[in-house]
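Undergrad: Test case, fold it:
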Amino acid sequence: MYLYEAIISKINEPQFKGYMVDFPDFDTSTCGATIEEASYMAHDLLKTEIAFALTEGEKLPKATFGHKTKPNETVVLVSVEVTQGEASERFPHKEAALN
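TA: Got it, this is the predicted structure:
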């Protein structure tokens, strides 16, 4: 199991109304129109980032905790499991280099 912090913020802009989810340890983000959609997208993004790193033989970033937030932000924990089969399915060009 892999566990990382994410920061969720509510966005209310003319171009987009919904929720943004940032993963500081991966320097990546995703969004969704509803909190449910944003949560689903965050889980999928984290799984994809981990599967990609594993298939490429890259070291995963160390999970850090206790990120500071602004008034419209909330820190949540996102956990995922990535098996060798799942990593290979997402990136079939390489065999997953899972330990």
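
Undergrad: so the residue of the chain most remote from its centre, which of the three states?
TA: For the chain, the largest distance from the centre (C-alpha atoms, centre = their mean) belongs to P14, which lies 25.4 Å off. For P14, the assignment made with DSSP: H, G, I helix; E, B strand; the rest coil gives coil.

Undergrad: Could you tell me how far it is located from D22?
TA: Counting by C-beta to C-beta, to the nearest Å, the separation of P14 from D22 is 21 Å. All C-beta atoms are positioned from the backbone trio N, CA, C, and that covers glycine.

Undergrad: same check, this time on K59
TA: Counting by C-beta to C-beta, the separation of K59 from D22 is 21 Å.

Undergrad: which parts of the helix or strand of the chain with the lowest mean pLDDT are buried?
TA: Least confident element among the helices and strands of the chain, by mean pLDDT, DSSP states H and E: helix 84-90 (a mean of 77). Going by neighbour count (16 or more other C-beta atoms under 10 Å), the buried part of helix 84-90 is 86-88, 90.

Undergrad: Which neighbouring elements make contact with it?
TA: Counting contacts by 3 or more C-beta pairs under 8 Å, 6 or more residues apart in numbering; DSSP states H and E, helix 84-90 packs against helix 35-56.

Undergrad: three-state assignment of K10?
TA: Going by three-state DSSP, the secondary structure assigned to K10 is strand.

Undergrad: who are the neighbours in contact with it?
TA: By C-beta atoms under 8 Å, 6 or more residues apart in numbering, the contact set of K10 is 18-19, 72.

Undergrad: try 10 Å this time
TA: 17-20, 35, 38, 72-74 (C-beta atoms under 10 Å, 6 or more residues apart in numbering).

Undergrad: can I get those in JSON lines with secondary structure?
TA: Formatted as JSON lines, these follow (three-state DSSP):
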{"residue": "K17", "secondary structure": "strand"}
{"residue": "G18", "secondary structure": "strand"}
{"residue": "Y19", "secondary structure": "strand"}
{"residue": "M20", "secondary structure": "strand"}
{"residue": "I35", "secondary structure": "helix"}
{"residue": "A38", "secondary structure": "helix"}
{"residue": "N72", "secondary structure": "coil"}
{"residue": "E73", "secondary structure": "strand"}
{"residue": "T74", "secondary structure": "strand"}
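
Undergrad: This completes my enquiry, with thanks.
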